[in-house]
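Asker: would you be able to build a 3D model of this:
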Amino acid sequence: MTVTLADLAKATSLSVSTVSRALSVPDMVNEKTRQRVRDAAAELGYVAHTVSGDPDRSGLIGLVVPDIANPFFPPIIKAVQVRARQKGLRVLIGDIDERPAEEVRLAREMQERVDGLIVVSPRTSQDEIGEFTQLGPLVVINRAVPGVTSVIIEDDNAIQQAVEHLVALGHNTICYLNGPKRSWSNGRRRDAVEAACRTCGVELREFGAFEPQIQAGVRAADLVFASEATAVIAYDDLIALGVMARLAERGVTVGKQISVIGIDDSPMSGMAYPSLTSIHVPGADAGTAAVDLLLDLIAEPSQEEPKSLQLEASLILRGSTGLRQDGMLAQATT
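Answerer: Have a look, this model is predicted:
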């Protein structure tokens, strides 16, 4: 448990203000008092904090992400850091490197050092996700956790638009490439694709699970090619970009012979050739909102009802989608 100035004050029989002065402006108290406070701090394991104006707070918030290298997460991380800085706080970042078993353990360790936590797209299993409710002030981004304040990115409408876009281009067989089984977002995205295909009366084919990596998309592309689907929606941009790269190797022209849509609208989507049609996920907005919600929880930890804020995704059209052209896939080299 974090040792506060109040704990030091109790241990030394001094006021909190005197203890604070002894640590931050020692020249304002006599040597005997300074030493008394230092001894108590050493014995109790107190760590001095200098950012927050509240002597009982660290001025730190924690941020846990599944994989800092995945382009979905940097906009969230950046937004959290910017908003925290505006509020006079610092951010301690933890990366579990896509190892779900590490998530709760890391969150517990960080909770000892910070005033509150933000956990992005938690990978912890459904059986264990309830443990987050025991970690004090906490906000989760991109997953609904019972009893925990959350920021949910609602992409159902954007996925519906994506399917309708493909249908309008003449595609009647759409392939969905699943993300990791442990991903809460993948379940929601897959269900949204299925519902949209059913509503539009088109055939849906599925492959995966796949890790959110370009190489996974490369492997998936051969399955897509063999399925003869003329349109693909991938769990994320990385998988979609891998599909595009492999199809190009096989002589398939993306945007003409086959249409590809990603999700996340990462910076790489606009730099690919052709540029990748993608669903824009407002990660930066989610990061900013999460900090504000967390600060509310820190200020009023006794809030009874957890809040849930929903942000809307949107479809961004680029060059990787185009009119269906019958027979074109069969002409591609293998």
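
Asker: any buried residues in stretch 190-207, and which?
Answerer: The neighbour-count check on stretch 190-207 (16 or more other CB atoms under 10 Å) flags 190, 192-193, 196-197, 200, 202, 204-205, 207 as buried. Quick note: C-beta positions are derived from backbone N, CA and C, even for glycine.

Asker: show me what that stretch is in contact with.
Answerer: Around stretch 190-207, the neighbours that count as contacts under CB atoms under 8 Å, 6 or more residues apart in numbering are 155-156, 159-160, 162-164, 166-167, 171-178, 220, 223-224, 227, 229, 233.

Asker: please apply the same query to stretch 68-76.
Answerer: 65-67, 77, 93, 95, 120-121, 141, 212, 236-238, 264, 266-268, 281, 283-284, 286-287.

Asker: domain parsing for this protein?
Answerer: Following automatic domain parsing, the chain resolves into domains at 5-44, 60-154+283-312, 156-281+316-331.

Asker: which pLDDT value goes with Glu103?
Answerer: Predicted confidence (pLDDT) for Glu103: 92.

Asker: assign a three-state SS to it, would you?
Answerer: State at Glu103, reduced to three classes by DSSP: H, G, I helix; E, B strand; the rest coil: helix.

Asker: out of the contacts of stretch 68-76, which are inside strands?
Answerer: Under the assignment DSSP state E, these contribute 65, 93, 95, 120, 141, 264 to strands.

Asker: isn't the second one right up against Leu60?
Answerer: No. Using CB atoms under 8 Å as the test, Ile93 is too far from Leu60 to be in contact (10.7 Å).

Asker: tally of neighbours for Phe149?
Answerer: Quick fix: residue 149 is Thr, not Phe. 20 (other CB atoms under 10 Å).

Asker: state the phi and psi torsions of it.
Answerer: As for Thr149, its main-chain torsions (degrees, to the nearest 10) stand at phi -60, psi 140.

Asker: how about Ser308?
Answerer: According to degrees, to the nearest 10, Ser308 has phi -140, psi 120.

Asker: kindly report the same for the one 10 residues further on.
Answerer: When read as degrees, to the nearest 10, the backbone of Arg318 gives phi -140, psi -160.

Asker: just to revisit the earlier point, what's the farthest-apart pair in the buried residues of stretch 190-207?
Answerer: Within the buried residues of stretch 190-207, Cys200 and Phe207 form the most distant pair, 20.1 Å apart (CB to CB).

Asker: and Asp296, how many neighbours?
Answerer: Around Asp296 there are 16 residues (other CB under 10 Å).

Asker: quick one: list the elements packing against whatever helix or strand it lives in.
Answerer: Following DSSP states H and E, one finds Asp296 within helix 283-299. Where contact means 3 or more CB pairs under 8 Å, 6 or more residues apart in numbering; DSSP states H and E, helix 283-299 is packed against helix 74-86, strand 117-120, strand 138-141, strand 149-154, strand 308-312.

Asker: buried set for it?
Answerer: Within helix 283-299, the residues that qualify as buried by neighbour count (16+ other CB under 10 Å) are 283-291, 293-298.

Asker: can you dump the C-alpha atoms of that helix in CSV for me?
Answerer: What follows is helix 283-299, C-alpha atoms only, in CSV (Å, rounded to 0.1, in the frame of the first residue of the first chain):
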residue,chain,number,x,y,z
GLY,A,283,-8.4,6.5,-30.2
ALA,A,284,-7.2,10.0,-29.3
ASP,A,285,-10.7,11.1,-28.2
ALA,A,286,-10.9,7.9,-26.1
GLY,A,287,-7.6,8.6,-24.4
THR,A,288,-8.6,12.2,-23.5
ALA,A,289,-12.0,11.1,-22.2
ALA,A,290,-10.5,8.3,-20.1
VAL,A,291,-8.2,10.8,-18.3
ASP,A,292,-11.1,13.1,-17.5
LEU,A,293,-13.2,10.2,-16.2
LEU,A,294,-10.3,8.9,-14.1
LEU,A,295,-9.7,12.3,-12.5
ASP,A,296,-13.4,12.4,-11.6
LEU,A,297,-13.0,9.0,-9.9
ILE,A,298,-9.9,10.1,-8.0
ALA,A,299,-11.6,13.2,-6.8
